[in-house]
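Peer 1: can't give you the sequence, but here's the structure:
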C-alpha cells in the first residue's frame, strides 16, 4: 500500500512522462534560472550577503558612525593619551589606535575606500579590457597580434611594481590609485573576453545568424556579447577582490591613500609595531581585507557555476 | 518521377567549385607555409527546384565545406556557385543578404546551433526581423506560433529557452527557423546524425512533409547512406574533396558505377541478419589519405581493389556521363565494377 | 607463464564454469543514481546470460542505460551517487558485486576487457602505443619490459597494423581513428579476456573503417573464443554480429532473444518501432518512415506503469497502471509487454520482415 502511494506521488511530479516540457509550470528565464542555481550555493550567498552588508554599512556610515564612535580621521588631543590603544570593549568593540581613534570606525570608513577602489578600478579595467578584447577577437589578424602582444608585455612586469612605478610618476592619492589599478588591470580582462568571444564565435548559432543574413553588428549584439558577458561578470567580480588587495598593499607601502584617511592598508602598517602587545590594531583591518576579498571570490565562483547554461538542472 | 523534376533552369548550379585552406592560421602562416588543405576540389552539380540532392561521403571528404561554401559562410577559392541566376561568389553584402532570404541552413548540432540566451520564439523570428518581414509584432508572434505548430512543437513554449528541450525538439526549432522565410533552398548539414533512431525518423518525415508543402529544394549532406537514400532524389558521392559519382538515387544504390560507391554501399550493415549474412562485403583496406597531401591521379587508387597503373598517374579521372543523367569519375566505370562481390539485396 | 609475485589469487579464467550456469549471468540487476533531483533508475532489472564464443548485442537509444549496465558490471560506477539496489552479476559462478576492489582490478582487463566509443580520448597521449599495450601485461601477467614489448608487436600485427615493429614506438596522435580503435582492441585482447565489452566501438568511425573494425572483432573472436558484448544504437551492426540481442528502453530490457527472434519475430512494440524507424535499403518505391512518437522519458520520476506506454501506439489502461513482468514468448526469448501473449496481437501489429515478405511472395 505504501509502495502504491509512493508511486502515486511520483506520477504527480511536474515532469511529464513523455519527456516533454510541462506546460503548467511558468516559463523560466535564463537569469531566473541562474539566480535559482546561485541561491543553492550557500558559500556564494554568504559572500553576496557579506558584500551587501559591507556596502550598506559603508554607504550609511556618515549617518551613525561619527555620532557613536567618533571621527575616523581626527584625534582628540585632550583624550588622546588616555584613549590610546585601548583593548576591545563594549564602548570600542575593535579597540582604539595610537591616536585614540576607534578602530571599528576606521575599519568602516576604510571599507568605503576599499570598496570604491575595488569597484571603480575594476570598472576602468573592464571597460578598457572589453574594448581591447573585442577588437582583438573580432577583427583578428594584425589587431589581435598587436593587442595581445601589448597585453603580454603588461603582464610580463610584476603587477604591483608596475602600479608602484606608475604612482611614483603620477603621485599618490586616492584618485591616482583608482587610475593606476584601473589602467594596469586591463590585460587580463582583455584576454578573458577575447577567448570568451573566440569560443562563442565557434558556435553554430553564430554561423546560423550569418546564414540568415544578419549584419556584423547584430551578430555581436545579439549572439556574441550575451554569451560571452557571463565570463566577464565572473572575472570582474573576482577582480574587485584583487583590486582591494592591491589598494591595501599600496597603502601599506605608503604609495596609496594618504593619512589620515583610513585605509585598511595604512591601518595594518600602523598596527604592525604593536603586533605583540595590541594585536587588534592589525588584526581587525586584516580580517576586514580577508573577509571582503574572500566574499568577492566566493560570489565570483558561485556566479561562474550559476551562469553556465550547460550546467542545467533537470 | 525524379527525371521529370529536372527540367528547366537549375535552382543552384555549382561549377568547378574549389576550396582550399592554409594548414596553419595566423599572420605569417599563409606566406611562409605553402601547405594547403584541399577540402573541395573541382566539384560540379545542379539542384533543381523542389528536389532533394543528397551529398554523401566519409568524414573529411569535403561535403560540409561544400555546403558552407555554397552558403558563403566561407569564400570559395575558385569556381562558380550560381543560385537563382546569380553568382554567389561574386555577390556584395547587400546581394548576399537578399540571397540568404532564399537559401537557409540547418545545422548538425542541435545544441550549438541555437543561441542559449534567446527564447525559441526569438530564435525563430530572427530571420523575419533581419529581413524586415512582418514588422507588426502581433502578426509576427502569430506566425512564429504557427511555425512552431507546423514543426510539431507546442506554440505555448514560445517563451522557453533551448536548454529546456531535447535534441529532437531543438532540431525542430532549427527547422522552423530555416523555414521562416520560406526559402527556395535549404542546406541541411547532417541534420539527423546527432539524433536517436526514433527521433531521426520523426525529423526526416518532418523534412519530407515540409518539402511537399512548400516545394523547397534541399541539399542534404550526410554520412549515413540509408538516410540519404531515403530522402534524396539525386545522390552524389564525395571522396577526398572530389565528386566520385552523381546519379538519381535508384541507379546509384542499385547499380553504382564507381568502385568507391560500391564499397561504401557494401560497408553499410543492413539491419536484417539474413540479408547481412548472405551478402558478400567489400572491405576496403587502409585509411582515407590526408587532404593536405592527396595522392596523384585518382584519390581513391590506394584503396581501390580494381586500380590499375593509370589510376595513380596524371590527373583525377574526369566526371563523365556514363549513362544519361549518371556521372562517374572512374577510368573503369561500369555497373558494380568490383566483380565477384556485387551488393546483393 | 610468469605470474605476479606473491599472488595467491586463483586465476578465475582457468576455473571451469559451474555446472548449470553460464560464463556471465546478469540477474535482475538494479543500479540507481541518487541525485539532488531524485532517484535515477539507470539500470532497472537487467537480466541476461552469456557464454564463450557468443556475441550479445545491446541496443537502445541514448539514455536507455545500455552503457551504464556494462559499467556497473565492471564496477566502474562511482558509488555514491550510484547504488546497487538489487540483483547479481556472476562470472564463472562468482559474484562480481561481492568482490573487493582489489579482486575487481584483477578481473578488469584480465577477465573482462572493455573498449570505448572514442578512440581519440581512450589512449593516453603522453605514452607510446607500445607502453600502453604492455601495461596490462606487466600488471596482470608480470611480464618483463622485453616480454611486454614483444607481445605488443605481436598484438599489433594481429589487429592488422602494418609495420608493427616501428609503430609500437609511436604516440597515439600518429595513428588515425581507425588505427587507434585497432590499438584499443589489441589492448583489450592483450590478456586474452573471456569477455570483451565494446561500447559503441564504431560510432565515431566512418563506414568503411567501421566495416574493417567489425570484421576484425569477428575474426579475433573466432580465434580466441571470447564472448563479446556489443553496445550500439545501430541495428545494422547488431544484425551483423550478434547472436543474442537485448533491446533496452529507459534502463531496463524490453525484449531479449536471439538475433533471429528479435529481427524476425519481435514481440515488443518498442522493438517494432525501432525497426520501423530505420530507412529501408533499396526498394522501388520509398515509403515514409513510421517513427515512434514523443520523446524518450526522463529516468527521474519514471512512469508508474510500462516505461514505453506514453509513446506506445497500442497502450491501454493497464500499461499506464502496472509495470509488465518479463513474459516468455519462446525459450529464452522474453518480452516486457502486457499483450505479448494476447492472441493475434503480435501477428497483427508486428512490422513486415524480409522473411514474412518472401513467404507471402512464395505463396
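Peer 2: Sure thing, it's come through. Since the model is a prediction, treat every value here as computed from it, not as a measurement.
Peer 1: backbone dihedrals for the residue positioned nearest the centre of chain B, please?
Peer 2: Among the residues of chain B, the one closest to the centroid is residue B:221, at 2.1 Å (Cα atoms, centre = their mean). Dihedral pair for residue B:221: phi -100, psi 130, per degrees, to the nearest 10.
Peer 1: which parts of the longest helix seen in chain A are buried?
Peer 2: Across chain A, the longest stretch assigned as helix under DSSP state H is helix A:103-139. Residues A:103-126, A:128-130, A:132-138 are the ones in helix A:103-139 that count as buried (16 or more other Cβ atoms under 10 Å in any protein chain shown). (C-beta placed from N, C-alpha, C; glycine too.)
Peer 1: again with stretch A:88-103
Peer 2: By 16+ other Cβ under 10 Å, the buried positions in stretch A:88-103 come out as A:92, A:94, A:95, A:96, A:97, A:98, A:99, A:100, A:101, A:102, A:103.
Peer 1: pretty sure the fourth one contacts residue A:103?
Peer 2: This means residue A:96. Yes. Contact criterion Cβ atoms under 8 Å: residue A:96 and residue A:103 qualify, at 6.1 Å.
Peer 1: quick one: low-confidence parts of chain A?
Peer 2: Residues of chain A that meet the criterion pLDDT under 70 lie in A:1-30, A:75-77, A:80, A:309-314.
Peer 1: now the helices for it?
Peer 2: Assigned by DSSP H, the helices in chain A fall at A:2-11, A:30-40, A:42-69, A:80-83, A:103-139, A:141-156, A:159-170, A:174-184, A:186-201, A:204-212, A:216-218, A:225-252, A:264-271, A:280-307.
Peer 1: to residue B:9, which of the ones you listed lies closest?
Peer 2: Closest approach to residue B:9 among the helices of chain A is made by helix A:204-212 (23.6 Å; Cβ to Cβ).
Peer 1: looking at the residue nearest to the centre of chain B now. What's its pLDDT?
Peer 2: pLDDT, residue B:221: 94.
Peer 1: what do you get for residue B:64?
Peer 2: 90.
Peer 1: that one falls within a helix, correct?
Peer 2: Yes. Judged by DSSP: H, G, I helix; E, B strand; the rest coil, residue B:64 forms part of a helix.
Peer 1: I'd assumed residue B:187 was in contact with it.
Peer 2: No. Counting by Cβ under 8 Å, residue B:64 sits too far from residue B:187 to count as a contact (9.6 Å).
Peer 1: got any residues that touch both of the two?
Peer 2: Taking Cβ atoms under 8 Å, 6 or more residues apart in numbering or on different chains as the criterion, residue B:64 and residue B:187 both touch residue B:221.
Peer 1: sorry, back to before: in contact with the residue nearest to the centre of chain B, which residues?
Peer 2: Counting by Cβ under 8 Å, 6+ apart, residue B:221 touches B:54, B:55, B:63, B:64, B:66, B:67, B:187, B:188, B:189, B:190.
Peer 1: same question for residue C:207.
Peer 2: Per Cβ under 8 Å, 6+ apart, neighbours of residue C:207: B:58, B:223, B:225, B:264, B:267, B:268.
Peer 1: by neighbours, which of those residues wins?
Peer 2: Greatest neighbour count in these, by other Cβ atoms under 10 Å in any protein chain shown, goes to residue B:264: 26 neighbours.
Peer 1: ok, that one touching residue B:237?
Peer 2: Yes. Residue B:264 is within contact range of residue B:237, at 6.8 Å (criterion: Cβ under 8 Å).
Peer 1: hang on, the earlier thing: near chain B, anything from the longest helix of chain A?
Peer 2: No. With Cβ under 8 Å from any Cβ of the partner chain as the criterion, chain B is not reached by helix A:103-139; the gap is at least 12.4 Å.
Peer 1: now for that helix, which elements pack on it?
Peer 2: Counting contacts by 3 or more Cβ pairs under 8 Å, 6 or more residues apart in numbering or on different chains; DSSP states H and E, helix A:103-139 is packed against helix A:42-69, helix A:141-156, helix A:174-184, helix A:186-201, helix A:225-252, helix A:264-271, helix A:280-307.
Peer 1: now it and helix A:280-307, what's the angle there?
Peer 2: Angle of helix A:103-139 versus helix A:280-307, following axes from the mean of the first three to the mean of the last three Cα atoms, to 10 degrees, is 30 degrees.
Peer 1: if we can go back for a sec, now, which of the contacts of residue C:207 lie within helices?
Peer 2: Using DSSP H, the subset of the contacts of residue C:207 located in helices is B:225, B:264, B:267.
Peer 1: now those residues as TSV including distance to chain A?
Peer 2: Listed next are the ones in helices among the contacts of residue C:207 as TSV, based on distance: Cβ to the nearest Cβ, whole Å:
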residue	distance to chain A
B:225	24
B:264	27
B:267	29
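Peer 1: got the domain ranges for chain C?
Peer 2: C:54-75+C:100-244, C:247-280+C:288-362 (automatic domain parsing).
Peer 1: using the three-state scheme, assign residue C:22.
Peer 2: Strictly by three-state DSSP, residue C:22 counts as coil.
Peer 1: just checking, it touches residue C:51?
Peer 2: Yes. Counting by Cβ under 8 Å, residue C:51 is a contact partner of residue C:22 at 5.4 Å.
Peer 1: neighbour count for the two, which is higher?
Peer 2: A count of neighbours by other Cβ under 10 Å puts residue C:22 above the other of residue C:22 and residue C:51, at 19 against 14.
Peer 1: near chain C, which residues of the stretch 201-345 of chain B? Just list them.
Peer 2: For the stretch 201-345 of chain B, the residues found near chain C under the criterion Cβ under 8 Å from any Cβ are B:201-202, B:204-205, B:208, B:223, B:225-227, B:229-231, B:250, B:253-254, B:263-264, B:266-277, B:281, B:283-285, B:287-288, B:345.
Peer 1: if we use 7 Å, what do you get?
Peer 2: Residues of the stretch 201-345 of chain B found near chain C (Cβ under 7 Å from any Cβ of the partner chain) are B:201-202, B:204-205, B:208, B:226-227, B:229-230, B:253-254, B:263-264, B:267-276, B:281, B:283-284, B:287, B:345.
Peer 1: how about residue B:271, what does it touch?
Peer 2: Listed by Cβ atoms under 7 Å, 6 or more residues apart in numbering or on different chains, the contact set of residue B:271 reads C:235, C:236, C:239, C:278.
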